[in-house]
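Novice: build me a model from this:
(one chain, ligands or ions: 1)
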Amino acid sequence: MVTNSGESVEEFTMSVPKIKLNTGAEIPAVGYGTWQLKPEDAVTQVAYAIKEAGYRHIDCAWGYMNEAAVGEGIRQSGVPRSEIFITSKVWGTWHRKVEACLDETLAALGTDYLDLYLMHWPIPLNPNGSHPIIPLRPDGTRDIDTEWDIKDTWKQFEALLDKGKVRAIGVSNFSQKTLEAFLPHVRTVPAVDQLELHVYNPDHALVAYLHAHGIVPQAYSPLGSTNSPIIQDETVKGIADRVGLTPADVLIGWHGAWIASGGRVVIPRSNTQSRIASNIKGAAAAAKALTAEDIKTLDGIAATGKQKRLVTPPWGIDLGFDNWPQ
Ligand SMILES: NC(=O)c1ccc[n+]([C@@H]2O[C@H](COP(=O)([O-])OP(=O)(O)OC[C@H]3O[C@@H](n4cnc5c(N)ncnc54)[C@H](OP(=O)(O)O)[C@@H]3O)[C@@H](O)[C@H]2O)c1
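Specialist: Numbering: from 1, shown residues only. So this is what the prediction gives:
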């Protein structure tokens, strides 16, 4: 198989940068996101992403309700499991029994270990509530398991690491405030913090804090998620037109500059094969095309009045993030 830039998929795959985790393991800097993929699409697109587009990193979650299809896509790619970095996440209703959630994920994906396992949100939810994913109280607010401490969730993550069922453990949606209360009490520093990061929500201070603690930031919703406003941004479009790339290339390329300067992982999602292929190229192409001035401009877009978080479920508690809508 030859990619549209002439090299084999294998050659291209080798050229995707890898970021070292605090475990010593390496994670491919560009992964394929699977949120909101319908199972019937997930099989085809995951197989395509791996076999044809050269991804070797797939981002999954129990809460996405499509892991069996993702696993089937991985198998259909024909690429050995050992060559693919697989991440999944424990959902809030499972904080009291993390291993049981992991076992469901492993069975669905058809593997006996994960490369990385994340706490999806620092929010335990009532495991016996009104709904298995989003339990609600009678007043319609989210049914948070207030009796449970996430440090006890993490102890179960550490036990899974000791057992070898997961090779690295990390967190997601942890703000600096959450980490400051968490890190002094844990035996294992999370390998990553998976966060909403894009040019409208660059979270520079949090990224610097993570780097200072050896925690790799993983950028989710790098393109601005479904119905993205940032793909339409005039500044992004202007840079894209000047360098002859698409806005998506520029948005992923902005992360590419951060990948090159010391550690970031980016996990774009698409259900369109041409985009699945171009997104993994975007980081490399734009890293070459974007100037230091472009990166500075992109770094500063949010501060021009465009700061906006796009993934803000109504949890009803303070997660400690700046700019979280009230
Ligand atoms: N830890 C967490 O709480 C969390 C939260 C959100 C996301 N995530 C992870 O991060 C991944 C990515 O985030 P996301 O799914 O929110 O969104 P995203 O990757 O930022 O954006 C996806 C959207 O962008 C469009 N798109 C993709 N490539 C494009 C291109 N080249 N040109 C124009 N449009 C393009 C897609 O449309 P088409 O499908 O039509 O191409 C889709 O609507 C998720 O899939 C998931 O794995 C994690």
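Novice: for the stretch 1-150 of the chain, what lies in contact range of the ligand?
Specialist: Residues of the stretch 1-150 of the chain found near the ligand (CB under 6 Å from any ligand atom) are Gly33, Thr34, Trp35, Gln36, Asp59, His120. C-beta: built from backbone N, CA, C; applies to glycine.
Novice: what about the helices in the stretch 101-250 of the chain?
Specialist: 150-163, 176-182, 204-212, 234-243, 247-260 (DSSP state H, counting those that start in this stretch).
Novice: just those helices: most buried one?
Specialist: helix 247-260 (a mean of 25; mean count of other CB atoms under 10 Å).
Novice: which residues does the helix or strand following that one contact?
Specialist: Remark: after helix 247-260, the chain's next helix or strand is strand 265-266, criterion DSSP states H and E. Here strand 265-266 makes contact (CB atoms under 8 Å, 6 or more residues apart in numbering) with 19, 27-31, 57, 192, 216-219, 222, 252, 255-256, 259, 283.
Novice: run the last query once more with 6 Å
Specialist: Ile19, Ile27, Ala29, Val30, Gln218, Ala219, Pro222, His255 (CB atoms under 6 Å, 6 or more residues apart in numbering).
Novice: returning to what we had before: pLDDT added to the residues of the stretch 1-150 of the chain next to the ligand, as CSV?
Specialist: Shown next, in CSV, are these (pLDDT from 0 to 100):
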residue, pLDDT
Gly33, 98
Thr34, 98
Trp35, 98
Gln36, 98
Asp59, 98
His120, 98
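Novice: any of the contacts of strand 265-266 buried? List them.
Specialist: Buried members of the contacts of strand 265-266, counted by 16 or more other CB atoms under 10 Å: Ile19, Ile27, Ala29, Val30, Gln218, Ala219, Pro222, His255.
Novice: pLDDT score for the first one?
Specialist: Turning to Ile19, the model gives it a pLDDT of 93.
Novice: could you do the second one as well?
Specialist: On the pLDDT scale, Ile27 is placed at 95.
Novice: quick one: strands adjacent to the helix or strand hosting it?
Specialist: Element membership for Ile27 (DSSP H and E) is strand 26-28. Paired neighbours of strand 26-28 in the sheet (DSSP bridges): strand 18-20 (antiparallel).
Novice: what does the strand it pairs with contact?
Specialist: For strand 18-20, contacts defined as CB under 6 Å, 6+ apart pick out Glu26, Ile27, Pro28, Ala29, Val216, Gly263, Val265.
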